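**Student:** structure of the sequence below:
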Amino acid sequence: MAILSFLVKFIGWPGVLLLAFYIAEEGIPGASRIPFLSSIPIIGDLTTGRVHSYAADQVKLATAKQTAICDGKLEKTVSTFQYEALAAQMAQEARLRTAAEQANTEASKRAAASQQAKETADAEIQRLSDEAKQNKKLSTPTKEDLQWLNSH
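**Tutor:** Model prediction:
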C-alpha cells in the first residue's frame, strides 16, 4: 500500500493507471525468468503479462500442431515399415512353401521310382523262382536246410 501511495504522489493517478496497464500487458521485466512464478494464477499473469502469455500459448499451439504432424508422419513411417516387414515375411513364406512343394514332388518321384524298382525286382525274383522250379537239375533247400538256416 505504501508503494501505491508513493507512486500516486510521484506520478499521479494517470501514471499509476498507465503503469498498471503496461504491467498487465507486458508483465514485470525480468520476473518471467523466475522459475514457477508464472504458474501461480494471479501473480503469474502479472509477472508474465498478456503479450508473453499469448506468445507462450501460440508456441504451445504451434508445437502441438507440429507434434501431431510429426506423429502422423511417424505413424505412417511405422506402418510403412510394418507393411514392408510383412511383405518380406510373406515373400519368405512363399519361397519356403515353393521349396517344400518342390521337395515333396521330388520325394514323390523317388517313392514312385523305388516302388517301380521293387516291383521290377519282385517280378525278376518271381521269374527266376518259376524258372528254377521248372529246372529239375537245380537243387532246392529242404525243410531241414531252412530250419538250420533259421537257427543259426
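**Student:** give the helix, strand or coil label for residue 9.
**Tutor:** Three-state assignment for residue 9 (DSSP: H, G, I helix; E, B strand; the rest coil): helix.
**Student:** do the same with residue 97
**Tutor:** For residue 97, the secondary structure call by three-state DSSP comes out as helix.
**Student:** what's the distance between it and residue 88?
**Tutor:** Residue 97 sits at a distance of 15 Å from residue 88 (criterion: Cβ to Cβ, to the nearest Å). All C-beta spots, glycine's among them, are computed from the backbone N, C-alpha and C.
**Student:** same question for residue 125.
**Tutor:** Using Cβ to Cβ, residue 125 is found at 55 Å from residue 88.
**Student:** how distant is whichever strand or helix holds residue 23 from the center of its chain?
**Tutor:** Counting by DSSP states H and E, the element that carries residue 23 is helix 2-26. A distance of 62 Å separates the C-alpha centroid of helix 2-26 from that of its chain, computed with Cα atoms, centre = their mean, to the nearest Å.
**Student:** what about that helix, average pLDDT?
**Tutor:** In this model, helix 2-26 has a mean pLDDT of 78.
**Student:** repeat for stretch 142-149
**Tutor:** Within the predicted structure, the mean pLDDT of stretch 142-149 is 85.
**Student:** with just CA atoms, put that stretch into PDB.
**Tutor:** Output of stretch 142-149 as PDB, limited to C-alpha atoms (Å, rounded to 0.1, in the frame of the first residue of the first chain):
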ATOM      1  CA  THR A 142      14.800-128.900 -47.900                       C
ATOM      2  CA  LYS A 143      12.800-128.100 -44.800                       C
ATOM      3  CA  GLU A 144      15.800-129.200 -42.600                       C
ATOM      4  CA  ASP A 145      18.100-126.900 -44.500                       C
ATOM      5  CA  LEU A 146      15.700-124.000 -43.900                       C
ATOM      6  CA  GLN A 147      15.400-124.800 -40.200                       C
ATOM      7  CA  TRP A 148      19.200-125.000 -39.900                       C
ATOM      8  CA  LEU A 149      19.500-121.500 -41.600                       C
END
